[in-house]
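Participant: Pasting the sequence and the predicted model now:
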Amino acid sequence: MKRIAVSVVLLFLTASSLLFALSPRTIALDSPLYGKMDLLYLSAGKGTPSNSRPWSADEANLILKRINRESLREGEKRLYDEIASLIEDDFLLILDDVAALDLGADINLEAYVHSNTGYSKESDWIYGYDERKPLLEASFSFEFLDAVYSFCDIRVGNGKYRGSDTLVDIKTAFPNGIGAVIPSSEKIGNDISVNTVIDSSMYSGHFTHNILTSFGDFDSIFPKRAFLNAGGEHYLVSFGRDRIDWGNSNIGNFVVDDHVDYHDYLRFTFFSDRFKYEFLTLFLEYDYSSRQTEDEGSKFLIGHRLEFRVLDTLTFSLSENIMYVSRTGVEFKYFNPAFIFHNLDNHSIFNAIAYVDADWNFAKGFNLYTQFVLDQATAPGEGDDQSPAWGMLLGVEYARILDNGSVKASLEAAYASPLLYRRDAVDFLIIDKNKLSTTGGYAIDVDFLGFPYGNDSFVIQSKTDYEAKPGLDFSFAIQQVIKGSLDIYTSHSSTGNNEDRPDIRTGFLHGALHYATIGTVECDVELNKLTRLSYPDIRFRTALSYIARYSESSSFSDDVQFVVSASVEL
């Protein structure tokens, strides 16, 4: 018995030493690594890397090692080496054989100019709050034994809104509530305020910037990224806050999309050359009050995702996900990673959604990709008191790496049916609370966890990314958005009561249509690559956008938006 125990211990220690190859560092979604890896896979005809992101350094290394560097052309080898350098651990201070520390800091200066002051909400901007950079961003991280990693960032910058912005009480503006996340004014009562911003000087002025000029503008909701990881060569366990993204899309993904500010999560990921399993729990905001109050309930997204790399050129994944709302206490039995969530059929606290995606690299440089999500369908023998709810995305992309640059182009269309995400008891809308420093309260926004354009929408987009030379990148995109009349504030029920079933009978899109045509040109410059300057890392970015909005029932409006940004990494 002792021999067996000793053998097991030795086997565990040996396996552990093999697993701890790189620090289990999470690579941020805004890292250029993801775009470069996608480009290399597509150009080399190796299919697509994992569409469940972010990756750990170990997973990124496994993905890169699938490609034989010696089989690549010269331009592809250059890109391969760039990716390898981004994966490598680079800690500022190696304390000993066990621990290492790192510090980072970025200084960002940005200016925002637009022509139409009537575009006065954050959602009116292409370069909105989630894209804008803080004036100062610092970070601290450490790792132990290449097995444990922790990261935290600190930001100094403007918040999403100013304390002096124009507020309206949602109870007055939308007395029937918003979806299933904000109840009717009658249920909320008079003693609770639920305020939202309808006009913000942060976005309305012809000229604004990211320089903090008043404490009333300070963004006190940080860190945006803070987590503790434990991982190795084929697994990662991560708990904390970061942005998560599931799927391959330039428009937006259907279940979990990265257009939000951050996700609070617990994530288990296991990956090999041909298979990846992920179990994800998102901790979502439940309280809709503008005051600082204790939550009276909890809301979670629980999902498991299986990704299969069937061939080098064919990858598909499927996931089953459930939204769980508890008002009386959390039942941990529902967080079973191997359970069939659809069988949790308590309509008052659960809402399940199924998802599948596929990528087919059908020719070298070409990739065909799709997503399909099913929120509600009527099975044989079931009643028809709820309308179907589903979404689908289809796209094709092409990439080629040149000797000193690259080109990547895509054409994509996405459709979300009028009642996708909408339910009477538990839905897939989320609450975003933003602190107003001058009042001590919060401004409440309601958003979609998945597809950023929400239900009742059809979007077509063409995008081209062109690297003229290392350090000089251009991007061109044109987008057509068509929205029906069943927006996030409109009741999903024919009775007008959000507590009733979503039974509105709709066509492809519902009611009067609303259109938006958007064109954007961007230029990114990395001074270090252009001039071979070693330190500091200096970047410039400019973006010019034109937005035209029109509908069957309202007048035409447009806006020209210009952004200029300069960043120094210390």
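Facilitator: All right, it came through fine. Residues are numbered from 1 along each chain as shown.
Participant: If we go by neighbour counts, what in the helix or strand harbouring Tyr149 is buried?
Facilitator: Assigned by DSSP states H and E, Tyr149 belongs to strand 148-156. Using 16 or more other C-beta atoms under 10 Å as the test for burial, strand 148-156 gives Val148, Tyr149, Ser150, Phe151, Cys152, Asp153, Arg155. C-beta here means a position set from N, CA and C on the backbone, and glycine is covered the same way.
Participant: okay, these in CSV with pLDDT and distance to Leu64 next?
Facilitator: Below are the buried residues of strand 148-156 laid out as CSV (pLDDT from 0 to 100; distance: C-beta to C-beta, whole Å):
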residue, pLDDT, distance to Leu64
Val148, 96, 23
Tyr149, 97, 19
Ser150, 97, 24
Phe151, 97, 22
Cys152, 98, 27
Asp153, 97, 26
Arg155, 95, 31
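Participant: which other residues reach the helix or strand harbouring Lys463?
Facilitator: If you go by DSSP H and E, Lys463 is part of strand 457-469. If you take C-beta atoms under 8 Å, 6 or more residues apart in numbering as the criterion, strand 457-469 is touched by 35, 250-252, 402, 404-416, 451, 453, 473-484, 508-509, 530.
Participant: Please report the distance of Lys463 from Asn346.
Facilitator: Distance, Lys463 to Asn346, by C-beta to C-beta, to the nearest Å: 42 Å.
Participant: These two: who's more crowded?
Facilitator: A direct count of neighbours by other C-beta atoms under 10 Å for Lys463 and Asn346 places Lys463 higher, at 19 against 10.
Participant: May I have the predicted confidence score for the more buried one?
Facilitator: Lys463 is assigned 98 on the pLDDT scale.
Participant: And the closest residue to it other than its chain neighbours, its phi and psi?
Facilitator: Using C-beta to C-beta, 6 or more residues apart in numbering and skipping the chain neighbours, the partner closest in space to Lys463 is Ala477 (4.2 Å). Dihedral pair for Ala477: phi -140, psi 140, per degrees, to the nearest 10.
Participant: same thing with Asn528?
Facilitator: According to degrees, to the nearest 10, Asn528 has phi -60, psi -40.
Participant: repeat for Leu39
Facilitator: The phi/psi pair for Leu39 (degrees, to the nearest 10) reads phi -60, psi -40.
Participant: Would you check how far apart it and Ala389 are?
Facilitator: Counting by C-beta to C-beta - Leu39 and Ala389 are separated by 35 Å.
Participant: swap in Arg305?
Facilitator: Taken as C-beta to C-beta, the span from Arg305 to Ala389 is 20 Å.
Participant: Ok, Arg73 next?
Facilitator: Applying C-beta to C-beta, one obtains 46 Å for the distance of Arg73 from Ala389.
Participant: before we move on, back to that, closest to Ile67 among the buried residues of strand 148-156?
Facilitator: Among the buried residues of strand 148-156, Tyr149 lies closest to Ile67 (C-beta to C-beta), at 25.4 Å.
Participant: isn't that closest one right up against Ile27?
Facilitator: No. Counting by C-beta atoms under 8 Å, Tyr149 sits too far from Ile27 to count as a contact (11.2 Å).
Participant: Any chance of JSON lines for the buried residues of strand 148-156, columns distance to Lys77?
Facilitator: Supplementary listing: those in JSON lines, determined by distance: C-beta to C-beta, whole Å:
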{"residue": "Val148", "distance to Lys77": "34"}
{"residue": "Tyr149", "distance to Lys77": "30"}
{"residue": "Ser150", "distance to Lys77": "35"}
{"residue": "Phe151", "distance to Lys77": "31"}
{"residue": "Cys152", "distance to Lys77": "36"}
{"residue": "Asp153", "distance to Lys77": "34"}
{"residue": "Arg155", "distance to Lys77": "37"}
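Participant: Can you say which two of those are spatially most distant?
Facilitator: Maximum pairwise distance in those, criterion C-beta to C-beta, is 24.5 Å, between Val148 and Arg155.
Participant: Now do the SS call for Ile221.
Facilitator: At Ile221, secondary structure determined by DSSP: H, G, I helix; E, B strand; the rest coil is coil.
Participant: How about Ser553?
Facilitator: Per three-state DSSP, Ser553 ends up coil.
Participant: Leaving out chain neighbours, which residue sits closest to it?
Facilitator: Ala512 (5.0 Å).
Participant: Then Phe239?
Facilitator: The shortest distance from Phe239 to any non-neighbouring residue, by C-beta to C-beta, 6+ apart, is to Leu266 (5.0 Å).
Participant: neighbours around the one you found, how many?
Facilitator: 17.
Participant: how about the strand holding Lys463: buried residues?
Facilitator: Ser457, Phe458, Val459, Gln461, Lys463, Asp465, Glu467.
Participant: Let's have the residues you listed in CSV, adding distance to Val260.
Facilitator: Shown next, in CSV, are these (distance: C-beta to C-beta, whole Å):
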residue, distance to Val260
Ser457, 17
Phe458, 22
Val459, 18
Gln461, 20
Lys463, 21
Asp465, 23
Glu467, 29
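Participant: any idea which of those residues is closest to Ser494?
Facilitator: Taking these together and measuring to Ser494 by C-beta to C-beta, the closest member is Ser457, at 20.6 Å.
Participant: For the spatially most central residue of the chain, which non-adjacent residue is spatially closest?
Facilitator: Centroid-nearest residue in the chain: Asp258, 0.6 Å away (criterion: C-alpha atoms, centre = their mean). In space, Asp258 comes closest to Asp245 once its chain neighbours are excluded; the distance is 4.1 Å by C-beta to C-beta, 6+ apart.
Participant: List the contacts of the one you found.
Facilitator: Asp245 sits next to Leu29, Ser52, Arg53, Pro54, Asn253, Val256, Asp257, Asp258 when contact means C-beta under 8 Å, 6+ apart.
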